[in-house]
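Would you be able to build a 3D model of this:
(5 chains)
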Amino acid sequence: MTAVLIVALVTGAILFGIGVYGALSQTNLVMIMMGVELVLAGALVNLVAFWRFLHPESYSGQMFVLVVMTVMAVEMAVGFGVAIARFRARGSVEMEEAEDLKG
Amino acid sequence: MSAVVLPVLPPLLAALAVLLLRRGGAVLALAGVIASLAGSLWLLARVADGQAETLLLPGLPDMPLRLVAGPLTALLTVAVATVGTFVLIYAVGYMKREFSQARFYAVMSLFLAAMQALVLAGDWVLLLATWELIGLCSYLLIGFWFQRPEAANAAGRAFLYTRSADLGLYVAVFMLIGWTGTSEIATSLEAGGSASTAAGLLLLLAAMGKSAQVPLQDWLMRAMAGPTPVSALLHSATLVAAGAILLIRSFPLLTPEALLAVGVVGGVTTVAAGVIALAESDLKRLLAASTASQYGLMLIAVGAGVPLAALLHLLAHAAIKSTLFLAAGDFQHAREGTGFDRLEGVGRARPWAFAGFALAALALAGIPPLSGFFSKDAVIAAALSAQGAAWLGPLALAGALLTSTYMARALRLLWQGSGETGAVAGSTWMRAGIWGLVIPAAALGLAFGPIEGILDLPTREAEGTGAVLLGLLAAVVGLALGWLVSAPRLLGPVYPWAQRGLAVGGGLTAGVGRPAMAVARGCEHLEGHLYAAVLGVGRGGLMIARGGERLEQGLYSAVLGFGHINLAVAHLVRVGDERRIDGLIFALVSGVRALGARARTLQSGLIHHSLAISAVATAVTLVILFLASLSF
Amino acid sequence: MARDLALLIPEIAVLLTAVGALIAEMLRRPRAALAVAVIGLLVATGLTLRLVGGTDTTVFGGSFRIDGLSVWAKLVLLPATVFSLLLARVDVADTAREGTVYSLLCFATLGALALAGAGDTMFLVLGTLLTGLATFALVAYPDTDPATEAAMKFFVFASVTTAIMIFGLTYWFGASGSTLLADLPGMDTMPLAVILGFVAVVVGLGYKASLVPFHFWAPDAYEGAPLSIAAYLSVVPKVGALFALAQVVRAMPPESGWTAVLAGLAVLSMTYGYLAALVQDNVVRLLAYSSIAQSGYFLLGIVAVGASELALPSIILFAAAYAAMNLGAFAVTAATGRTLSDFGGLGRARPLMGIAMVIFLLSLVGIPPLAGFVGKFLLFAAAIDVQLTWLAVVAIINSVLSLSVYLRIIVPMYRPAETAPSAPGTWPVIVVVITLSATLIIGLFAQSLLGQPMV
Amino acid sequence: MGAQAFFLAVFGLAAIGFGVAVFRTSSMVRSALALLFSQTAVGCMFLVMQTEFLGVLQIMMMATEMSIMAIFMVMFMMDPGGLGGMDMTHQKRFSIGAGVVAAGAAIAVALLADWGAVTAQAPDAAMQTRELGHELLGRSMLIFETAGVTILTAMIAATAVAIPVQNLASKDDKEVSQ
Amino acid sequence: MLPLVSLTLFLPLAGALLILCLPKPAARTVHGIAIASAALTLVGALAMWFQGVSGAGFSQVEELEWMPAIGAAYRVGVDGISLPLVLLSAVLFLVSFIYASSLRDRPRAYVALALLLETTAIGTFTALDGILFYVFFEVSLVSMYFMIAGWGHEDRQRAALMFFIYTLLGSLPLLLAILGLYLGTPEPSFDMRAWIANPPLEGAAAMWALVAMLVTFAVKIPAVPLHTWLPAAHVQAPTIGSVILAGIMLKFGTYGLVRFALQMTPEAFHEAGLVVLVIGVVSALYGAFAALAQTDLKRLVAYTSVNHMGYVIVAVAAAALTLDPSVRAVALDGAVLQMFSHGLVTGALFLLVGMIQDRAHTREMGEFGGLLKTVPLLGWSFVLAAFASLGLPGLAHFPAEFQIFLATLGTVPAAVVVILGIAVIAGTFLKALRETFLGEPRERWHAMPDLSGRELLAVVPLLVLAVATGVVPSWVLAVIHRTTSALVL
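This next block holds a predicted model:
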């Protein structure tokens, strides 16, 4: 019976893994943000699955989904803001070029 | 206020008054000492019947200071005050030309007060305190002419020798207080016991220091650098006498083993010091050696179990030796020196002084009916009747023989030669002082009977005729030898060695002083290392030291790869080996700094590196927690 | 509902302040924005005072806590924000959209307050996000190469760690069926989910509190940002996150090994922070690493939460002390310069600044009777109280290490000056004076801060 | 139940597949599209799990978001079309490892943890929406409001950074020139 | 009823604040205020002295709530162990201010720091609360650091730094110990009286606490081998710094040894007593020998401090080891009196060395000679102080050392070997006297002026007290003994 839950959870976990890979491997700010989006998508799948199959009576799960969606949206917004500022200052949003500050 | 303070207080007040007023030193000091003499006599009269006078003063908690006057101690105060009086009278003349008279009289008065307090001390704390105080006073007096390097050295040496020996007194006192729970001398003397051998030996050590017994005799000779009245006082009734007095007073405590040791020390000293005296080329130094020798005789008497004999000799010697010194001071002023080469024939020029000197010398040699005859016979008789008579007797006789020999030699050297000399300032005072003391020196022997009567010391057996004859023989033979034969011929091969004070391998100074300095330098060396080490830590903390790049490199590679660790360790060891402890510390310090630098390189500025490190750390945390949860 | 809102009046006041500052900015009145922000925050602080002592309740179904931590967070962080505002005035005066900075500072503080009172996992997420979003913009504000680089790194680090935290938190929901932190103890049947969630929380809050090894953004961001923003970052979000961590572990089942993890992070943070600070020549970076190390000290109290009565007082007191002394140190730096050589001869040329800096730094070391001492003292006591004596010993050894770090600033201050330090502006001096008084007063009269009973 | 599991798996695979595709193309636009599809698949999973409201919301929001993202990609990437086939990655092996470990850990927890019984019947859609509304205006109101404030802040922050200011550096220059 | 202890404690601080508040005061004003507040403090200390102490426990206790939540309070009071030290601090600071009144280099900060030091010194001795004690203990360190760093001699930064790091390293363990004691108390409290009445720790915990305390106090005392900071700090410190450092701050260590180690962990101390005793013996002998090797007068005096403080360690260890209360009383009497005497005598010695340095700008003994002739007042004062320091009867150290050795011999006879130290110290001072003051006066120093009125005013009180303590020790011992004889461990 729990197979349904497991399918959803495994999907979420794999999305999380892909997201982590993306966040760590990409050199471009925007691509890193995509990785983050995927991690959050994994979280969404998890949340909905947990709500649906374990705690349908607890609507804070659904609330959490809304919050996560907000996070996705606002992070993207500010992320693009930062990207614009960076692009204006340096002409690139490559992470590897951002190594003036260190030590 | 008990009468017991009477001998102590006047000189003490005199000392303070002189210090404060800074003038009229002679008058005040004389007044003080004469008052002290009067007080002593009165005290003696009061306690002659054996009724002790006691005074308690606040001291340490549960250990009040006590002044106790019994017949013995009262008698000693009289002796001290008498000698003190005449010496001060003499000093008025002797010191006439000196500056800093106030200092002289103040310290002399303090000295007398301390000595009186020492004699009267009824508890160990006060005894110890006054014991050390007379050491201080002698330091100040011997070093009176502190600008002269030899006086400064002599003063320091005297203080250091006696103080080192005093440690024995300290420990002995602690032991006695520990056993008996009280610091009262009378009580603790009764305690006795088997373990008191140790205490006795320690007391002997202290007495040896003060009474200049072999091997601690060196300081006494050098102490001649001080003014002559000081020597007279020092040698007769005060500093040096303190040692013998201590042993006489603590006689009940001395076990046979301790007595044996006392006898041996006395015997060796009397002979050795006698030989040194014989070889001396300076009158005052000769007298100093003689003092040591005479105290050796007293120790023989104590060792033989007859403290009374020692006491009698102490009294007689006090009068005699002060006379001799005072006369020597007179000669010194006449010829501006005390070497025999300068003093040739001075006796003819200063007949009064010489007469006093000669009388005292004969008394010391033991010519009847002068005081020394009686006291020395008492000592010889004690030695001959003691348990170790077989060796104590000959030693005592040898001491007596040497005594008369060197005295005769001194007389000869002073008499022969041309008798021209200048006038001596203040000689009236000096003459008064000398002759005031000649009288007891000559006649004290007659008073020995009554003195014995009032003392509570163990009585002695009647002297055998043999002892008297042997003593007389020694005296006469000695005088003859001394007058007729020169010292180098008498001593033969020993003479040069004796001139150096019979010093073995550089003497005590070398034997103790050099190792002490070596230890001190060792400490200082260690200090340097410790300091450098700590400083290294401090520096490293501050990162002031910008060195250590090599080591940093080594540590860096050590962190990078396990294979490099050996290298780094080897490097560390080598560095540690080269620079020892401070080097190691420095290495440690640079290590911390290198660690800091390494920590900094973690911050590469590349965000994906940072994220990777964070991710690894997260994974590690997760694994740790998983494992931990499995074990729960 | 009315009661809940009444308890939330300070937060509402902060929100209104932020909006008010924004409106002033829209009207092109930057000075008015500053005034609105400062006054508003002070009013909010005043409104908080009535909650002090004895309040331990929750609002909105337990999702937000009004307890010692959250009340004190307001009392500490709101004034801290005011000081940051005053310092910021120096940095951003007469630039376009100056007022936005003030407004964003207020919003970020609101996020920190949300964190400090978090009773629900969603507040952990939103608080982190809210603080983060505002501060990204603040760091990037100068629009220079270093500033944007710092902001970009900050953003990437933040978004990744926050995402990980969110993902982990979903498991907590799965395990307990509730997002309330208070429901966590019921989950001890499922340690795996708890652990995953906890590690995720440590990552997310650890980044915000700049705990090693999630600290990497901090030195860069501090260096790239205007000084006032660095000062702000080193205090407000950090304290908020650490308080949130304390709120989280309040409900943690005691034997899941989390104390060991936090203790380990504490050791890492303290040691690494001071080691790295030891080799810095840039005072801002030095202070950044020092603030990383100081976060480690907070953990000494956090590991004891729930098991020792000293834990919460110690955290709160140290937060107050830390806010005062760290802001003070930044204020002096703002008035002096960013490199160590700027500090040469400061003590002789400007005695007030010199003495103040010495006191701030000694307080950071933990020398009595300064504020830092009282705080650290209680933290050590809390750690020893829960049998973590070794941790206290490590912390003490690190204090010695910290001394060498701070002496690197103090020593040159009393050398003869090579160049005369520039005259400080009015605002930094005011901030220095106030924080200096706070550092001394907290040290001497900790009781008045602790309240009666405290938490 | 079986059907539900099947569709869940299908959409899950789709989400994963598109997710992988995001990082396997060197074209920005394609990445953005892949992400959009992946997110849509996630939305479909919601629908499969009878969470209609959230599902629809997800699909709509993501559509908007991804289109914005695509625009930015084009703006900021060195090689928007991916024509050069340039490698946009670094520390790839480590990242793969990290991804695998992360996913593995999450899967392990999902499999190993004792989740208890699964509820078969979901509340109906209208009920869900009503309950969510109650939640929003009740217990979670503060959270909801905070989320609102967060969005406001995001707007201000994004504007603040995105619009060029007369920056500090130029302010300094001005001082110098005076 | 006036709160005498608190008044005495905070008077100097008030003086410091007053000085700091005055806008640009003249140097004379600054010194005047300092001397006045120090004199008032001495009056306060004397008033406390005449109030006296009762037998067991503390007297003149003043208490004020401070942090009731954690059981910390402002608690001050004295007993026979601390009261003499309070008096000593008041006297030493007053003479220090008199001596320093010629200083013209930033007098304001200097005097304020010194006044702060005075408050911390008195506070350390009177604190009856663990936290309060630690606060004073630690603040004294900081003020001393800045004093040495700001007004010291050649290499002062380094010496001050070393001093600071060393002592900080040494004081943090005490913090741990205090925390341990606090948490071990059934009703958590920082009240030292409670800790003394019922030692809160036992077994291994007590031993660890003891070890921590010993490390701290050994650094502070200082005991070999943790003493290296002392000569370094002294050589670099300004004269007043040395006087206070040696005269008062070293006593923090020995005072702590009695108050904390002995009274709060008596069982553990009894077990570890032999180790401490050995440390004390080694310190005393090492300090004596190291002093013998010195050529710098100031370093010499510094090392004699190591020696004298070594005796105190020996005495406290003996007190811990013995089972006989009367022997313990003797040991502690000796220890406390030794602290008191050392403060007077070493204070005087450092002042005199400072005066020599002011005149000659060197402290190398080899460069002097015959100074007794050139500057008789200074010379004789030094002679007196030197003899006091080497333990001559009639002067301050004798009764103390007598009691210490007596108790030591009664407890651990072998340890009496430490008595060798007094012979070595005697040699040390005799050597110093000979080289510096005796012998032929050198041409170089002929113009050297003798002591001025200000300097006499600074030195004479100390010498008078040293003599008074030596001749009639009962005026101090009565107070000490009342407490030590009632001491229950």
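
what's the longest helix in the chain?
You didn't pick a chain, so chain A it is. helix A:60-90 (DSSP state H).

could you do chain C instead?
What stands out as the longest helix in chain C, according to DSSP H, is helix C:145-176.

Do that one and chain D come into contact?
Yes: using C-beta under 8 Å from any C-beta of the partner chain, helix C:145-176 reaches chain D at C:Ala151, C:Phe167, C:Tyr171, C:Gly174, C:Ala175. Placement of C-beta: from N, CA and C, glycine included.

Next up, the contacts around the first one.
With C-beta atoms under 8 Å, 6 or more residues apart in numbering or on different chains as the criterion, the residues that contact C:Ala151 are A:Val82, A:Ala85, A:Arg86, C:Phe136, C:Ala137, C:Val139, C:Ala140, C:Ala221, C:Gly224, C:Ala225, D:Val161.

Let's see that with 10 Å instead.
Contact analysis of C:Ala151 by C-beta atoms under 10 Å, 6 or more residues apart in numbering or on different chains lists A:78, A:81-83, A:85-86, A:89, A:98, C:135-143, C:217, C:220-221, C:224-225, D:161.

So which of these would count as near chain B as well?
Residues of those in contact with chain B (C-beta under 10 Å from any C-beta of the partner chain): A:Ala98, C:Trp217, C:Asp220.

Let me have the residues you listed in TSV, extended by secondary structure and distance to B:Ala114.
Formatted as TSV, the ones next to chain B among the contacts of C:Ala151 follow (DSSP: H, G, I helix; E, B strand; the rest coil; distance: C-beta to C-beta, whole Å):
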residue	secondary structure	distance to B:Ala114
A:Ala98	coil	88
C:Trp217	helix	81
C:Asp220	helix	80
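
Among these, which one is most surrounded by other residues?
Within these, neighbour counts (other C-beta atoms under 10 Å in any protein chain shown) peak at C:Asp220, which reaches 30 neighbours.

Can you report how many residues lie near the nearest residue to that residue once chain neighbours are set aside?
Sequence neighbours aside, A:Leu101 is the residue nearest to C:Asp220 in space, at 4.0 Å (criterion: C-beta to C-beta, 6 or more residues apart in numbering or on different chains). For A:Leu101, the tally of surrounding residues (other C-beta under 10 Å) stands at 21.

Verify the stated contact: A:Leu101 with C:Val139.
No: using C-beta atoms under 10 Å, A:Leu101 is not in contact with C:Val139, being 11.1 Å away.

so what sits against both of these two?
Overlap of the contact sets of A:Leu101 and C:Val139 (by C-beta under 10 Å, 6+ apart) consists of C:Pro146, C:Ala147, C:Glu149, C:Ala150, C:Lys153, C:Trp217, C:Asp220, C:Ala221, C:Tyr222, C:Gly224.

Dump these to CSV, plus distance to C:Val432.
Shown next, in CSV, are those (distance: C-beta to C-beta, whole Å):
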residue, distance to C:Val432
C:Pro146, 26
C:Ala147, 25
C:Glu149, 30
C:Ala150, 25
C:Lys153, 30
C:Trp217, 27
C:Asp220, 26
C:Ala221, 23
C:Tyr222, 19
C:Gly224, 24
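
List phi and psi for B:Leu55.
In terms of degrees, to the nearest 10, the main-chain angles of B:Leu55 are phi -140, psi 130.

which residues pair with it across the strands?
In this structure, B:Leu55 bridges to B:Leu67 when assessed by DSSP bridges.

From B:Leu76, how far out is it?
17 Å (C-beta to C-beta, to the nearest Å).

neighbour-wise, which of the two wins?
B:Leu76 (29 against 18).

hang on, the earlier thing: is it possible to get JSON lines of the ones next to chain B among the contacts of C:Ala151 that adds pLDDT?
Below are the ones next to chain B among the contacts of C:Ala151 laid out as JSON lines (pLDDT from 0 to 100):
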{"residue": "A:Ala98", "pLDDT": "80"}
{"residue": "C:Trp217", "pLDDT": "92"}
{"residue": "C:Asp220", "pLDDT": "91"}
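
Nearest to chain D: which residue in the stretch 201-350 of chain E?
E:Trp208 (40.7 Å; C-beta to the nearest C-beta).

Run through the chain and note the low-pLDDT ranges.
No chain specified, so I'll use chain A. For chain A, the stretches flagged by pLDDT under 70 are A:1.

Switch to chain C, please.
Ranges of chain C meeting pLDDT under 70: C:54, C:185-190, C:254-256, C:417-422, C:447-455.

Quote the end-to-end distance of stretch E:251-264.
Stretch E:251-264 has an end-to-end distance of 18 Å (criterion: C-alpha to C-alpha, to the nearest Å).

Can you name every helix or strand that the helix or strand hosting B:Ala619 contacts?
Assigning secondary structure by DSSP states H and E places B:Ala619 in helix B:607-631. Contacts defined by 3 or more C-beta pairs under 10 Å, 6 or more residues apart in numbering or on different chains; DSSP states H and E place helix B:607-631 against helix A:3-25, helix A:29-53, helix B:563-602, helix C:145-176, helix C:191-208, helix C:217-224, helix C:258-278, helix D:92-112.

Would you mind measuring from the residue in the stretch 1-150 of chain B that chain A sits nearest to to B:Gly156?
Nearest residue of the stretch 1-150 of chain B to chain A: B:Pro149, at 65.9 Å (C-beta to the nearest C-beta). Distance check for B:Pro149 against B:Gly156: by C-beta to C-beta, it reads 11 Å.
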